[in-house]
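>>> I'll drop the sequence and a predicted model, then ask my questions.
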Amino acid sequence: MSSNLRMIVAGGGTGGHFFPAQSIYKSLLNKGITVKYMGSMHGIEASQKNNDEIDMVLLNIKGIQRQFTLDGLLKNFFFPFRFIHSYYKSIKIIKDFKPHLVIGTGGYSSGLPLIAAIQKGIKTVIQEQNSYPGITTRKLASKVDLICIAFKESKKFFNK
């Protein structure tokens, strides 16, 4: 089956976000859709960077450190710079790839591609596989076009 559709699947940081993204990616690819994966160079997905089966772009983004240590403060100091750089990289990827849809599976690395797609007027979907959605998903839920949930209990976190 051949298709002219192009989609981006974004998410990662942990296996709980990356493995669903990888599954969606492979399913779309099997349907003949051109797919690009976006994740973080600091997440579990970085171990797949040399996997020729995945058209992968890794952003230089990390989550905010929640521990109050010197190391945590230092990492958080660089967060705004990483955020801005990764946001503009997301915009460039979207501009060049011209996806019809961007799917986020959660994690900090899904946020920037979703934000860039929303601002460009591209359709967006969040696929939430957890009963308690993470901060990225909760913050973007009111802005995306569709939310797919795996657990009935997670519905209470969304107005849609």
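All right, it came through fine. Keep in mind the model is a prediction, meaning the values are calculated, not measured. Numbering: from 1, shown residues only.
>>> check which helix or strand covers Arg82.
Using DSSP states H and E, Arg82 maps to helix 70-97.
>>> again with Lys139
Judged by DSSP H and E, Lys139 forms part of helix 135-140.
>>> Okay, buried residues for whichever helix or strand comes after that helix please.
Using DSSP H and E, the next helix or strand after helix 135-140 towards the C-terminus is strand 146-149. Applying a neighbour-count criterion of 16 or more other Cβ atoms under 10 Å, one finds Ile147, Ile149 buried in strand 146-149. For the C-beta atoms, the positions are set from N, CA and C on the backbone; glycine is no exception.
>>> Just name whatever secondary elements strand 146-149 is in contact with.
With contacts taken as 3 or more Cβ pairs under 8 Å, 6 or more residues apart in numbering; DSSP states H and E, strand 146-149 sits against strand 123-128.
>>> export the strand it packs on as CSV, just CAs?
Extracted C-alpha coordinates of strand 123-128, given in CSV (Å, rounded to 0.1, in the frame of the first residue of the first chain):
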residue,chain,number,x,y,z
LYS,A,123,-3.2,18.4,13.2
THR,A,124,-2.0,16.9,16.5
VAL,A,125,-2.8,13.8,18.6
ILE,A,126,-1.7,12.8,22.0
GLN,A,127,-1.7,9.1,22.7
GLU,A,128,-1.7,8.6,26.5
